[in-house]
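1. Here is my input; please provide its structure:
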Amino acid sequence: MLGSNHCKDHGQTTPVRRYVKLDDIKKNDVVKAIKAGMGKAEAAAVVGVSRQTLYDHEQKHPEFREQVGDAQRGAVGAVENALHAKALGGNVTAMIFFLKNRSPDQWRDMKTGEVVRAMEARLRPALFRAMETAGISRQQLEAVAVALDDAVNA
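-> Just a heads-up that it's a prediction; the model follows:
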């Protein structure tokens with residue numbers, strides 16, 4: 001934490017770092033704050049220690065690091081459960097967000113080029129059959145294929 005010292009010779013105030021120990025009570029308060037959804041820096045500030053003190057303590061004390069990790073996972077789990085409840089309750093935005101994050105291969109946003117390529121892949125065989133049926137030459141079909149590739153990859 002920062003305090004200040006007053007310099008008698010120059011009349012200036014200079015910051016002085018005061019080290020505050022992270023005791024068991026403060027550790028419990030940090031864990032509670034993180035469970036409530038605070039980040040590590042905010043939780044450290046609430047108990048009156050620096051963010052660096054918190055990080056250093058996690059490095060030196062694996063059991064505390066595990067408690068902090070459990071608290072973070074618990075906070076995320078609570079939000080996931082709330083999101084899930086909203087999605088099941090018919091909130092369309094929550095449904096979309098949930099599906100995009102839980103099943104991204106099926107529910108991801110597609111870029112325009114991806115949509116065009118997917119449509120082109122489905123339509124190309126039918127287009128070529130229709131063109132052949134209409135009596136279009138192989139050379140003309142190849143020219144159309146090149147034009148389609150250029151349009152899709154543009």
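2. For stretch 96-114, which residues meet the burial criterion?
-> residue 98 (16 or more other Cβ atoms under 10 Å). C-betas here are computed from N, CA, C, even on glycine.
3. tell me how far the ends of that stretch are from each other?
-> Start-to-end span of stretch 96-114 (Cα to Cα, to the nearest Å) is 20 Å.
4. by contact count, what packs against the longest helix anywhere in the chain?
-> Assignment by DSSP state H gives helix 62-88 as the longest helix of the chain. Other elements packing on helix 62-88 under the criterion 3 or more Cβ pairs under 8 Å, 6 or more residues apart in numbering; DSSP states H and E are helix 24-35, helix 51-60, helix 92-102.
5. Give me the angle between that helix and helix 51-60.
-> 110 degrees (axes from the mean of the first three to the mean of the last three Cα atoms, to 10 degrees).
6. ok, back up a step: which one, of the helices and strands packed on helix 62-88, ends up nearest to residue 70?
-> When these are compared by Cβ to Cβ, helix 24-35 sits nearest residue 70, at 8.0 Å.
7. So which elements touch the helix or strand following that closest one?
-> On the C-terminal side of helix 24-35, the closest following helix or strand by DSSP states H and E is helix 40-47. Counting contacts by 3+ Cβ pairs under 8 Å, 6+ apart, helix 40-47 packs against helix 24-35, helix 51-60.
8. I'd like to know which of the helices and strands packed on helix 62-88 lies nearest to residue 41.
-> Of all those, it is helix 51-60 that lies closest to residue 41, at 4.4 Å by Cβ to Cβ.
9. Kindly format the C-alpha coordinates of the closest one as PDB.
-> Taking C-alpha atoms only, helix 51-60 is exported to PDB below (Å, rounded to 0.1, in the frame of the first residue of the first chain):
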ATOM      1  CA  ARG A  51      -2.000  -7.000  -6.500                       C
ATOM      2  CA  GLN A  52       1.600  -8.100  -6.500                       C
ATOM      3  CA  THR A  53       1.400  -9.200  -2.900                       C
ATOM      4  CA  LEU A  54      -1.500 -11.400  -3.900                       C
ATOM      5  CA  TYR A  55       0.300 -12.900  -6.900                       C
ATOM      6  CA  ASP A  56       3.500 -13.500  -4.800                       C
ATOM      7  CA  HIS A  57       1.400 -15.200  -2.100                       C
ATOM      8  CA  GLU A  58      -0.200 -17.500  -4.700                       C
ATOM      9  CA  GLN A  59       3.300 -18.500  -6.000                       C
ATOM     10  CA  LYS A  60       4.600 -19.300  -2.500                       C
END
